[in-house]
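S.K.: have a look at this prediction, sequence included:
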Amino acid sequence: MRLQNLTRTSPALRSRKNFLSRHHLTTVAVARHPESRASSLEPDPIRGFDIHARLVRLCLRECGQFKSHHLFDEMPQRAARATTMCKVIHGQGTKYGIGSKGSLGNAILDLYAKCGDVDYAEKAFSRLEGRDILAWNSLLSMYSRRVSVQQVKWHFGLLKRNGLVPNEFTYSIVFSACARTTDVDFGKQVHCDLVKVGWEFSSFCKGSIIDMYARCDCLLDARRIFDGALEPDTVSWTAMIAGYIRGNLPEEALKVFEKVKKAGREPDQVAFVTVISAYVGAGNLEGGRELFSQMPNPDVVAWNVMISGHAQRGYEVEALHFFEKMRRAGTKSTRSTLGSILSAIAALGATKCGLLVHAEAIKQGLSSSVYVGSSLISMYAKCGRMEAAMKVFDALEEKNVVLWNAMLGGFAQNGYASEVVELFTQMKRCGFQPDEYTYTSILSACAGLEYIEVGRQLHCTIIKNRLASNLFVGNALVDMYAKSGDLDESRKQFECLKNRDKVSWNAIIVGYVQGEEENEAFKMFQQMNLTGIVADEAALASIFSACANTQALDQGKQVHCLAVKSGRETSLYAGSSLIDMYAKCGDIAAALVILLHMPERSVASMNAMIAGYAKDNLDQAINMLGEIHDMGMSPNEITYSSILDACGGVQELILGMQIHCCVLKSGIWYHEDFLGVSLLRMYMNSESTSDACILFSEFPNPKSSVLWTALISGYTQNDCNEEALKAFREMQRHNAPPDQATFVSILKACSILSSLRDGRQIHPLMFHSGFDLDELTSVALLDILHGDEIRGKLAAEKLIESEPQNSAPYVLLSNIYAASGNWQELILLCFPWQRSYSLLILDLGSCKHLHPSQLQWTGACSSMQLGIDVCSGGGN
């Protein structure tokens with residue numbers, strides 16, 4: 001996929017030009033036309049007052065928009081525009097000497113604060129003449145929204161030291177800051193100060209105090225304040241209910257809510273949304289839905305809470321239903337709505353729905369939003385539509401690191417390794433500095449594609465940018481090296497992590513399990529538990545797989561006890577791995593007990609049971625397949641492959657054909673290695689080579705090496721050795737690289753056919769392909785290389801050099817020496833320490849007529865029995 005050249009734009013300059021063209025202030029006109037009446041401002045106090053009033057009105061209008069439409073949270077680009085307007089107003093006010101005085105100075109400060117421009121707000125505050133409590137409240141409110149509680153504390157103390165008396169709004173702002181940061185100690189101190197100045201009975205302060213104590217998990221204190229209020233307002237009711245729900249006390253929350261209704265107070269939209277948000281945030285979606293149904297006219301914020309709440313907790317279909325209802329109700333979507341629904345669509349892979357939402361975003365003018373744009377890119381990427389994602393990316397004028405990361409992650413997820421590297425290069429060329437999330441996405445791509453060399457280069461860049469100590473990047477490095485097969489480097493990066501989390505431990509444990517180093521996985525799992533980190537579902541699933549691979553039933557039972565303690569023994573992933581572990585260890589009864597206790601079964605858990613039953617109880621495995629259909633689930637390739645692997649004889653041919661028909665009806669793509677090999681083996685094991693040949697011909701070209709090897713080994717297994725040789729030659733013509741298993745099968749066919757010529761051709765090909773002799777290939781070469789001492793000796797010596805502990809090459813070499821009558825080399829092979837034949841008492845004449853089958857190798861550099869025990873004495 002070709003990437004276009006991208007350039008950065010300057011939104012601030014464009015916003016400034018647009019603002020000046022739309023807002024032609026009187027003061028600007030005055031400055032341009034000195035001959036006009038307004039040119040002599042000082043002698044015209046009425047005109048000067050008019051300028052002051054106009055500037056104040058402009059500031060108040062912008063502040064009012066923030067208050068009514070929540071622009072700071074919903075549309076940051078509007079906040080940037082308001083900041084530009086505030087700077088122009090401030091400049092005009094400063095020009096005429098009124099920018100830091102009275103109501104205009106307070107209005108400018110308040111607008112800077114609402115825009116979140118800390119630098120300009122602080123400068124405006126420092127130059128403000130006669131700071132009153134309103135100015136202090138604006139500054140404190142800005143710090144509170146930015147969760148800068150230390151700044152709130154400092155300026156609140158400075159306010160009092162300057163002799164000013166806080167009002168109820170000041171205290172409310174401070175309580176809100178304490179609530180956001182759960183700083184209950186400072187909140188209690190401010191509460192005492194509030195009582196001293198006599199504001200404790202203010203309804204405005206009551207709601208803030210209750211909210212502060214509730215958010216800090218001091219529900220008893222919050223309820224005491226709530227019960228002490230004569231007439232609690234809506235804020236107090238809402239804060240109390242939300243606190244109970246966050247504290248996992250939904251019954252108490254409902255009691256308070258019913259009390260609100262009995263008191264004759266009809267909850268407003270804010271109260272409803274707050275309580276619904278609390279329900280959804282606590283995971284009580286049913287309670288949130290029930291309360292939402294009671295709202296007379298839900299606004300867009302309420303709809304957003306329901307849509308995002310269901311989407312974030314895996315109920316994507318329900319989120320789509322709420323979105324459809326919202327559209328039918330005539331409520332206009334916001335960028336938050338579109339972002340939430342696009343994430344649900346991405347999880348479902350519903351591309352058609354995504355196209356409809358994209359069209360709605362364009363109609364409402366929200367497609368240019370960075371937030372909506374990144375959501376669209378993620379949606380198209382997860383649906384595999386990278387061209388559409390790239391079009392969205394190119395159409396966005398303003399880009400930030402989040403958008404680049406979304407595109408990089410999309411390319412990585414879909415396997416476009418070269419595009420990841422190219423886009424990463426363009427990102428740096430455009431002046432964007434990659435962050436930890438950028439490197440995490442790229443390293444994940446390298447891990448999935450096993451691009452270890454690219455990963456090492458990125459690792460060097462990470463070190464140069466001083467991001468190696470970042471936990472996210474460190475975890476990605478551990479995962480990348482582990483999945484790329486370099487477990488030593490993965491372990492080294494793991495040891496470099498100072499503050500390890502569950503992701504760190506999971507990455508190294510999964511790496512060891514996938515690398516078939518189960519003992520190291522067990523050690524790391526034990527260390528993780530000793531450090532006090534509770535194993536999550538991913539860690540348990542991995543360690544159960546390790547137990548299954550090594551048949552470590554006792555260790556599996558110990559981990560099972562640990563899973564019971566943490567309440568995860570019947571979770572979806574850990575439970576499925578636990579069933580698989582018991583099934584592979586032969587304890588089918590225990591596996592069935594786990595399955596029956598799982599609250600939610602999946603195809604993976606049913607597959608584990610089917611694989612366990614298929615070994616010894618094929619009928620029960622078929623019954624489990626029927627249960628999958630009865631539960632409305634769709635079997636996958638693993639389901640069918642487990643049953644097909646059990647169809648290993650002529651009697652099961654009919655059953656295997658029926659399973660083949662089920663595969664065809666289900667529409668599963670069976671031409672891949674996994675299911676295709678199972679089908680080929682089923683026909684070959686059932687001695688139906690003609691059906692296997694027909695099936696193989698249906699596989700599309702190019703066929704993989706695994707499929708070719710399955711065909712060749714099947715022919716050899718059924719004594720169709722000529723067909724095996726023909727298939728091997730056809731495999732070479734199709735440029736499919738043979739593997740070790742291919743050479744074992746074809747050499748076996750050559751040995752049965754006594755085809756020395758073919759064997760001599762295949763033998764060097766095996767070494768040129770980078771494969772060495774192992775026990776299986778050594779046995780296959782044994783008969784082929786009789787009488788060819790040179791080639792046999794070369795093959796054996798090569799394997800002895802690489803694997804001196806492997807007995808196979810010694811067997812091959814000894815048989816070649818014996819077959820050719822080379823007793824001198826045979827004795828030296830058996831007894832390398834004997835260099836003088838005078839020290840050996842051995843009647844070679846009695847050995848010269850022995851057949852090679854009479855030589856039995858009992859171990860490297862040990863005794864060789866030559867039919868009779870003539871060499872058992874050995875020597876020192």
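M.R.: Right, received. Where do you want to start?
S.K.: sketch out the low-pLDDT regions of the stretch 301-450 of the chain for me.
M.R.: Scanning the stretch 301-450 of the chain for pLDDT under 70 picks out 449.
S.K.: can you show me the helices along it?
M.R.: 316-328, 335-348, 351-363, 370-382, 386-395, 401-413, 417-429, 436-449 (DSSP state H, counting those that start in this stretch).
S.K.: and the angle from the shortest one to helix 401-413?
M.R.: Right, the one you point to is helix 386-395. Helix 386-395 runs at 160 degrees relative to helix 401-413, counting by axes from the mean of the first three to the mean of the last three C-alpha atoms, to 10 degrees.
S.K.: got phi/psi on Y670?
M.R.: phi -100, psi 10 (degrees, to the nearest 10).
S.K.: residues in contact with it?
M.R.: Y670 makes contact with 637, 663-664, 676, 679 under the criterion C-beta atoms under 8 Å, 6 or more residues apart in numbering. To be clear about C-beta, it is placed using only N, CA and C from the backbone, and glycine gets the same treatment.
S.K.: before we move on, the earlier item: dump the helices of the stretch 301-450 of the chain into TSV; add mean neighbour count as well.
M.R.: Shown next, in TSV, are the helices of the stretch 301-450 of the chain (neighbours: other C-beta atoms under 10 Å):
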stretch	mean neighbour count
helix 316-328	18
helix 335-348	24
helix 351-363	17
helix 370-382	25
helix 386-395	18
helix 401-413	23
helix 417-429	18
helix 436-449	23
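S.K.: that older thread, quick one, which of the contacts of Y670 are buried?
M.R.: Buried members of these, counted by 16 or more other C-beta atoms under 10 Å: 637, 663, 676, 679.
S.K.: for the residues you listed, which one is nearest V260?
M.R.: Of all the buried ones among the contacts of Y670, V260 sits closest to E637, with 55.5 Å by C-beta to C-beta.
S.K.: please identify the helix or strand for the nearest residue to that closest one once chain neighbours are set aside.
M.R.: Among residues not flanking E637 along the chain, L675 sits closest, at 4.2 Å (C-beta to C-beta, 6 or more residues apart in numbering). Remark: L675 resides in helix 673-685, with elements defined by DSSP states H and E.
S.K.: could you identify the helix or strand that succeeds that helix?
M.R.: Where DSSP H and E defines the elements, the next helix or strand beyond helix 673-685 is helix 689-698.
S.K.: elements contacting that following helix?
M.R.: Counting contacts by 3 or more C-beta pairs under 8 Å, 6 or more residues apart in numbering; DSSP states H and E, helix 689-698 packs against helix 673-685, helix 705-717.
S.K.: show me what the first one is packed against.
M.R.: Just to be clear, that refers to helix 673-685. helix 637-646, helix 653-666, helix 689-698, helix 705-717.
S.K.: now these in a markdown table, with distance to K502 and mean pLDDT?
M.R.: Shown next, in a markdown table, are the helices and strands packed on helix 673-685 (distance: least, C-beta to C-beta, whole Å; pLDDT from 0 to 100):
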| stretch | distance to K502 | mean pLDDT |
| --- | --- | --- |
| helix 637-646 | 27 | 90 |
| helix 653-666 | 37 | 90 |
| helix 689-698 | 45 | 91 |
| helix 705-717 | 35 | 91 |
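S.K.: okay if I get the ones you listed as a markdown table plus distance to S203?
M.R.: What follows is the helices and strands packed on helix 673-685, written out as a markdown table (distance: least, C-beta to C-beta, whole Å):
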| stretch | distance to S203 |
| --- | --- |
| helix 637-646 | 63 |
| helix 653-666 | 65 |
| helix 689-698 | 78 |
| helix 705-717 | 74 |
